[in-house]
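In: what would the 3D arrangement of this be:
(4 chains)
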2 protein chains.
Amino acid sequence: MSVTRVTIKDVARSAGVSIATVSNVLNGTGRVSADTVRTVRRAIQELKYSPSQAARNLKDKKSRLIAVIVPLLHKGFLHDNPFYWQLVGGIEEGARAHRLHIMLVGADSEESYSFVKERHLDGLIVIGAFEGSEALERIVQWGVPSVFVDSYLADPNVYQILSDDEKGGYLGTKHLIDLGHRNIALLTGEIEPNGVHEARFLGYRRALKEAGIGYRPAWAVEEPPTMEGGARSVPRILALQGVSAVFATSDVAAMGLLSGLSERGLSVPRDLSVAGFDDLPYSRFATPPLTTVAQDIGLKGREAVRLLQAHMDNKEPPYRRKLIPVELKARQSTRFLEEGEGEPVDANEIRKGGDG
Amino acid sequence: MSVTRVTIKDVARSAGVSIATVSNVLNGTGRVSADTVRTVRRAIQELKYSPSQAARNLKDKKSRLIAVIVPLLHKGFLHDNPFYWQLVGGIEEGARAHRLHIMLVGADSEESYSFVKERHLDGLIVIGAFEGSEALERIVQWGVPSVFVDSYLADPNVYQILSDDEKGGYLGTKHLIDLGHRNIALLTGEIEPNGVHEARFLGYRRALKEAGIGYRPAWAVEEPPTMEGGARSVPRILALQGVSAVFATSDVAAMGLLSGLSERGLSVPRDLSVAGFDDLPYSRFATPPLTTVAQDIGLKGREAVRLLQAHMDNKEPPYRRKLIPVELKARQSTRFLEEGEGEPVDANEIRKGGDG
DNA sequence: GTCCATTGATTAAACGTTTCATCAAGCAAC
DNA sequence: GTTGCTTGATGAAACGTTTAATCAATGGAC
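Out: Residues are numbered from 1 along each chain as shown, chains lettered A, B, ... in the order given. Have a look, this model is predicted:
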């Protein structure tokens, strides 16, 4: 047990003033003479006083604490995807700049979210929530200031930070088309309505359409956006007649795919061009370095905090939804398709075996 | 602004009892009849009452909030290493099981750690602190229950969770020796006294010594444990006459090394065997799949919370320092060295160029 | 029928702040 | 010399709990 807490009373006594005055010095409120300020400051220093947030919370219902809600953290899902880590890193950085602290909570379907009220949370950053989820409804209803990252929500009263996913989907696909590919598979996470994967999917379709390439539903291969998912997709992708390129809506899936292909003795980009989405720190170190649609994940996190802070201050920010720009990073996992190369690949001929 | 808070008073009034009774029902304290319990419970339900943590904190100085302090989060350091993400994931999981919430804080050298007192934190989990750091001193001095992850601290009063790093270092090196390698470089993070890299380094030396191989300081190459660090180490490692294997004290560095080697047209394990440490989710998907010393990172996080909880409960746990077991996972990045193959590699002859 | 222990409930203080209403003193204006 | 304004400071209530002290009622034991 540490020694009993130094309170505002101790400071007041030591400085020979009332607690109200100390409080005023602390917060820069009210009128207090320069002399008194000095005396009080000294007393604070000497006693090593620091105010109790708990007491403050109780009084003015501001906690300077926000929660970051990450999907399925405890299911191990996240542990696989550094994307979230980067995002949370950006949020932490932003929070630090705004003198906020963050509480990290794994979203749980059974979660009551009661902690939001109980802990007097000032705001919420929710990552990857799905439209219509009950928890989400409740949050919006409570009116707790919140910012949603990576969900396209219809409600115009809800603040959202996203990457320009549709454009990213378009750019990635267009890049492959420009390289001469026409048989382009899409490796995507589950296409939930209003999710990021749907937006990227739509960009993929737009690029195809613009190039006069028909869209074939079987060519959109859905797998969880994890290494495992990417690796598991290999047979489904190789089964597509004539496939010469794959656009993956996440880098982890793309890297799982890379791994699965190499295990079968296939070489990227010789046998298949592969592009991803996210530009994770790993991606440029992949073998081969991964062509990808880059988004500034850290910025995304920082912007989320900025928007939330504006919301909490009741300053009407200039937008409800902000799209972080994306950019294509062409590296070595995609290649130009020579004239006449567009022929179907025979999956049987390919199987040379790996040393897995 | 949400509507005014439902307080314990409202419940008391609605149930026709005193607030003390409601409080007793809430906490299962005191004596209260079954009938009353039922009535109060109903009132709580109806009013959707949930108690204010802030008020509770103020009263009994327990917040059920712990802080997780991660090194240099905001410097971008962490964003690179999924290790921390996994660890935090494990901690979140543990915290959830113990009904604790976690506050994520990036360690900053200028950080005053005043938030620990201000927010009435129940405990601290500190990741990768260095012996003698001022902040650390203060924390220990305050007597706030804390658990240190991944630092070997001399102070016997301090609770520590670590992997069996020395053994891991030994196992990884031994594995290479068993494969016939004798010229084994060490790629390591900065060897700070009492840090994990030092422990792994010591294991490396023990294995060498046991095999009668002399230790040459130049063969311990220090680089930051990041992809960049690993990639940057390539020239230094290739400069070592006769090197046939590298043991890296972290998987990210190993993977950066893999990448740097492939960029130079060198093949693993043909030209060089590479082993890592951590068994990150990526590692088995690397090209080639990475041989590594596996530690159960999630378990590490969960154990940290368990130990902290015991500490907070003043239950004396059976140990001050717990070592999580490690295990060698042999995969395809290391190979058997044929008889007579131990000859020096000529770095000039190697340079075949990559397609970077 | 008095005394005591037990059960079930209440009253009120305390936790450490912020803030509103009040107040004393000083001073300028009339 | 009353009035009124400004400056600097204070007293006390309030925030929503927990808990120690107290109390009323009940029912045995003697």
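In: residue contacts, the residue most central in space within chain A?
Out: Nearest to the mean C-alpha position of chain A, by Cα atoms, centre = their mean, lies A:L87 at 4.7 Å. Residues near A:L87 by Cβ atoms under 8 Å, 6 or more residues apart in numbering or on different chains: A:127, A:149, A:297-298, A:300-301. Any C-beta I mention is one placed from the backbone N, CA and C, and that applies to glycine too.
In: how about stretch A:184-201, which residues are buried there?
Out: For stretch A:184-201, a neighbour-count test (16 or more other Cβ atoms under 10 Å in any protein chain shown) marks A:184-189, A:191, A:195-201 as buried.
In: identify the farthest-apart pair in those.
Out: Maximum pairwise distance in the buried residues of stretch A:184-201, criterion Cβ to Cβ, is 21.0 Å, between A:I184 and A:G195.
In: what does chain A have sitting close to DNA strand D?
Out: Applying Cβ under 7 Å from any atom of the strand, we find that chain A lies next to DNA strand D at A:16-21, A:24, A:30-33, A:35-36, A:55, A:58-59.
In: just among these, which is most surrounded?
Out: In terms of neighbours by other Cβ atoms under 10 Å in any protein chain shown, those top out with A:T21 at 22 neighbours.
In: show me the contacts for that residue.
Out: A:T21 makes contact with A:12, A:15, A:30, A:32, A:36, A:40 under the criterion Cβ under 8 Å, 6+ apart.
In: element containing it?
Out: Remark: A:T21 resides in helix A:19-27, with elements defined by DSSP states H and E.
In: got the angle between the helix or strand following that helix and helix A:19-27?
Out: Per DSSP H and E, the first helix or strand lying C-terminal to helix A:19-27 is helix A:34-47. Interaxial angle of helix A:34-47 relative to helix A:19-27 (axes from the mean of the first three to the mean of the last three Cα atoms, to 10 degrees): 90 degrees.
In: what's helix A:34-47 in contact with?
Out: Contacts for helix A:34-47 (Cβ under 8 Å, 6+ apart): A:6, A:10-11, A:14-17, A:21-22, A:25, A:32, A:49.
In: buried stuff in that helix?
Out: By neighbour count on 16+ other Cβ under 10 Å, the buried set for helix A:34-47 is A:36, A:39-40, A:43-44.
In: could I get those as JSON lines with pLDDT?
Out: Listed next are these as JSON lines, based on pLDDT from 0 to 100:
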{"residue": "A:T36", "pLDDT": "95"}
{"residue": "A:T39", "pLDDT": "95"}
{"residue": "A:V40", "pLDDT": "96"}
{"residue": "A:A43", "pLDDT": "96"}
{"residue": "A:I44", "pLDDT": "96"}
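In: CSV please, covering those and showing distance to B:W219.
Out: As requested, these are exported to CSV (distance: Cβ to Cβ, whole Å):
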residue, distance to B:W219
A:T36, 65
A:T39, 62
A:V40, 60
A:A43, 58
A:I44, 54
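In: just the element for the residue nearest to the centre of chain A, please.
Out: According to DSSP H and E, A:L87 maps onto helix A:82-97.
In: and the contacts of stretch A:196-215?
Out: The contact list for stretch A:196-215 (Cβ under 8 Å, 6+ apart) reads A:128, A:150-152, A:162-163, A:165-174, A:177, A:182, A:184, A:186, A:188-192, A:220, A:225, A:247, A:249, A:277.
In: what's the most distant pair in the contacts of A:L87?
Out: Top of the distance list for the contacts of A:L87 (Cβ to Cβ): A:I127 and A:G298, 14.1 Å.
In: so for these two, which sits in the more crowded spot?
Out: A:I127 (25 against 19).
In: gap between that one and DNA strand D?
Out: Distance, A:I127 to DNA strand D, by Cβ to the nearest atom of the strand, to the nearest Å: 29 Å.
In: how many other residues sit next to A:T29?
Out: 10.
In: again, but for A:L323
Out: Neighbour number of A:L323 under other Cβ under 10 Å is 17.
In: return the set of buried residues in the helix or strand where it lies.
Out: Assessed by DSSP H and E, A:L323 sits inside strand A:321-324. Neighbour counts using 16+ other Cβ under 10 Å place A:322-324 of strand A:321-324 among the buried residues.
In: and those residues near chain B, which?
Out: Subset of those in contact with chain B: empty, counting by Cβ under 8 Å from any Cβ of the partner chain.
In: got CSV for the residues you listed, with distance to A:L238 and pLDDT too?
Out: Shown next, in CSV, are the buried residues of strand A:321-324 (distance: Cβ to Cβ, whole Å; pLDDT from 0 to 100):
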residue, distance to A:L238, pLDDT
A:K322, 39, 94
A:L323, 35, 95
A:I324, 34, 96
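In: in terms of distance to A:S262, which of the residues you listed ranks first?
Out: A:I324 (31.9 Å).
In: still on that earlier bit, which pair in the contacts of A:T21 spans the largest distance?
Out: Farthest pair in those, by Cβ to Cβ: A:A15 and A:G30, 15.2 Å.
In: distance check, the closest residue to DNA strand D within the stretch 251-356 of chain A against A:L121.
Out: Residue of the stretch 251-356 of chain A nearest DNA strand D, by Cβ to the nearest atom of the strand: A:M312 (19.0 Å). Plainly put, A:M312 is 10 Å away from A:L121 if you go by Cβ to Cβ, to the nearest Å.
In: A:G230 touches A:L261, doesn't it?
Out: No: between A:G230 and A:L261 there is no contact under Cβ atoms under 8 Å: 9.5 Å.
In: and the two? Which one has more around it.
Out: Of the pair A:G230 and A:L261, A:G230 is the one with more neighbours under other Cβ under 10 Å, namely 30 against 24.
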